[in-house]
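Visitor: Got a predicted structure here, sequence first:
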Amino acid sequence: MRPRDPRRLLERHRRARARVVIVDVPQSVASDDGAVGSKQMAEVTLPRAELEKIWSPVYLERLARTYWSFLSRFSLGLIRVLYGDDSREVVFLRRPFVLLRFQAPEYQVDADGGTVTWPVDRGVLVARRGRGRGFLRLAVRREPVSDGAEEVTLLVSSEVVNFYPTIATSLSGWVYRQTQLRIHVIVTHAFLRSLANLELEPSRVGALRAVAEAAITPAARQ
């Protein structure tokens, strides 16, 4: 294994503005009809002042964009995400090699957090009976803190629910767990750890911009 460059580790530590701890959570088990699920979660602890800078609906959308961008970087550009008016397509290099096609994301936002959900549509990795079923969801939730606390902790999770993998249908659930699921967990944990830098990609769509603008008081606009 190639030794890590200590200068890179030092630079990563210097840039980190938050602490990320991966949390063990119960994993979904395969159902009798072949549906599977999994969940990964992390505690992201950051200065309260930093949270106030980013705690708005827009940043939920930016978190979603960062997730897809990280996937592309992690795969060295082999995996790309194509944005449509009513879809998101995860492709291998380009169409027609669509691995996963999701419907347009659905957002839910409240004072303590929010979720972005991509309903599964179809794709090479989706079994025929799983088309139009299941979803991928990112969630952010702020943990309660005392008024004088200088730090705050966010629970950030990625969850796949009711997914029907092609590989489990054509081969076996064991093969799916040792290949596709294992890769998914590795990538998701790497994404969660990358949040230590609090560097979120700009949104490609801006669907929640109007929500954020509506939250600004008239006095703040003047």
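Guide: Good, I have the coordinates.
Visitor: Verify the stated contact: residue 119 with residue 130.
Guide: No - Residue 119 is beyond contact range of residue 130, at 11.5 Å (criterion: Cβ atoms under 8 Å). The way it works is simple: take the backbone N, C-alpha and C, and place the C-beta from them, glycine included.
Visitor: Neighbour count: the two, which is higher?
Guide: Between residue 119 and residue 130, residue 130 has the larger neighbour count (other Cβ atoms under 10 Å), namely 24 against 15.
Visitor: Grab the nearest non-local neighbour of the more buried one.
Guide: The shortest distance from residue 130 to any non-neighbouring residue, by Cβ to Cβ, 6 or more residues apart in numbering, is to residue 164 (2.5 Å).
Visitor: That neighbour: neighbouring residues, count only.
Guide: 22.
Visitor: Quick check: phi and psi at it.
Guide: Main-chain torsions, residue 164, degrees, to the nearest 10: phi -110, psi 90.
Visitor: ok, what's across the strand from residue 108?
Guide: Per DSSP bridges, the residues bridged to residue 108 are residue 115.
Visitor: So what's the gap between stretch 167-180 and the chain middle?
Guide: 23 Å (Cα atoms, centre = their mean, to the nearest Å).
Visitor: Kindly apply the preceding question to stretch 102-117 instead.
Guide: On Cα atoms, centre = their mean, the centre of stretch 102-117 falls 11 Å from that of its chain.
Visitor: From residue 144, how far off is residue 22?
Guide: Distance, residue 22 to residue 144, using Cβ to Cβ, to the nearest Å: 21 Å.
Visitor: Give me the more crowded residue out of the two.
Guide: Legend: neighbour count by other Cβ under 10 Å for residue 22 and residue 144, higher for residue 22 (13 against 8).
Visitor: Is residue 167 in a helix, a strand, or coil?
Guide: The three-state label given to residue 167 by DSSP: H, G, I helix; E, B strand; the rest coil is helix.
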